[in-house]
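J.: sequence first, then the predicted structure:
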Amino acid sequence: MWNIFGNSDKLGTPKRGDTLPGRSEVMPLPDFHYVKEVPLVSPFPEGSEHILFGMGCFWGAERKFWEMTGVHTTAVGYAGGYTPNPTYQEVCSGRTGHTEAILVVFLPAEVSLEQVLRTFWENHDPTQGMRQGNDVGTQYRSGIYFNTDLQRQVAEESRVQYQNVLAKAGFTRITTEIVPADHFYYAEEYHQQYLAKNPGGYCGLGGTGVACPSSLID
């Protein structure tokens, strides 16, 4: 994905008072997930859990999760910032504080949180700060936005374990932020399941090539 404002030198997230005002209107959404044919919004199935991830361009990242057995639905949007209901252009400006995020709704009876986290860690480079490869900007930072204390505990432990194997492989410190999920703003309709609609579309997703330790997924 490209940053339509160019590679901004504002590679730090803005403070709340310095962000764009946004709007009260929510983004119009399709009724159903383009691949899974289930709703993108709650209510979700009883017993399901949801978590948010930032791992660079959300087009390719979303596909990794909708392909997983046990994932009920996915959606892309914006998280970790302040501007309500931002547009893609506003997020790309670096003045909303948001990162491009993926909502993952999964069924713990079919897939564990640890397995979901493995997909997160292994499919991007969590050591790059405000970028993923050639995609540069605050909207490309790595993040885990949890909804329960158990999710926080498991995510933080997984970060420690993955840091250990990354360090042995010569990588630097993980920059992934692990913070409570404050609000998820759905992205514009054309971003939802983008690579299913546009099979030849841009996918900047790329991992480190370092596998998660087996203790994370056992």
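T.: Perfect, thanks for sending it.
J.: can you tell me how far the closest residue to residue 78 other than its chain neighbours is from residue 22?
T.: Nearest in space to residue 78, with sequence neighbours left out and distances taken as CB to CB, 6 or more residues apart in numbering, is residue 98 at 3.8 Å. All C-beta atoms are positioned from the backbone trio N, CA, C, and that covers glycine. Between residue 98 and residue 22 the computed distance is 10 Å (CB to CB, to the nearest Å).
J.: now the common contact residues for those two.
T.: Jointly contacting residue 98 and residue 22 under the rule CB atoms under 8 Å, 6 or more residues apart in numbering are 83, 86.
J.: where in the protein is pLDDT low?
T.: Counting by pLDDT under 70, the chain contains low-confidence ranges at 1-11, 217-218.
J.: ok, 80 please
T.: When residues are selected by pLDDT under 80, those of the chain lie in 1-11, 215-218.
J.: let me know the outermost residue of it.
T.: Seen from the C-alpha centroid of the chain, the residue lying at the greatest distance (CA atoms, centre = their mean) is residue 168, 25.7 Å away.
J.: phi, psi for that one please.
T.: Backbone torsions for residue 168, taken as degrees, to the nearest 10, come to phi -70, psi -30.
J.: what's the answer for residue 99, then?
T.: Reported as degrees, to the nearest 10, the phi and psi values for residue 99 are phi -110, psi 150.
J.: what pairs with it across the strands?
T.: Here residue 99 shows beta-bridge partners residue 79, assigned using DSSP bridges.
J.: list the contacts for it?
T.: Taking CB under 8 Å, 6+ apart, we find residue 99 in contact with 54, 78-81, 138-141, 143.
J.: can I get those residues in a markdown table with distance to residue 123 and neighbour count?
T.: Rendered in a markdown table, the data for those read as follows (distance: CB to CB, whole Å; neighbours: other CB atoms under 10 Å):
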| residue | distance to residue 123 | neighbour count |
| --- | --- | --- |
| 54 | 12 | 27 |
| 78 | 20 | 29 |
| 79 | 18 | 22 |
| 80 | 19 | 24 |
| 81 | 23 | 27 |
| 138 | 20 | 27 |
| 139 | 18 | 32 |
| 140 | 14 | 27 |
| 141 | 15 | 24 |
| 143 | 14 | 22 |
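J.: quick one: residue 78 from residue 149, how far?
T.: Applying CB to CB, the value for residue 78 to residue 149 is 24 Å.
J.: for residue 213, see how far away the residue farthest from the centre of the chain is.
T.: Relative to residue 213, residue 168 is positioned 10 Å away (criterion: CB to CB).
J.: what is in contact with the two at once?
T.: Counting by CB under 8 Å, 6+ apart, nothing touches both residue 168 and residue 213.
J.: in stretch 183-191, which residues are buried?
T.: Neighbour counts using 16 or more other CB atoms under 10 Å place 184-187, 191 of stretch 183-191 among the buried residues.
J.: and stretch 34-46, by the same measure?
T.: Taking 16+ other CB under 10 Å as the criterion, stretch 34-46 shows 35-36, 39-40, 44 as buried.
J.: alright, that wraps it up for me.
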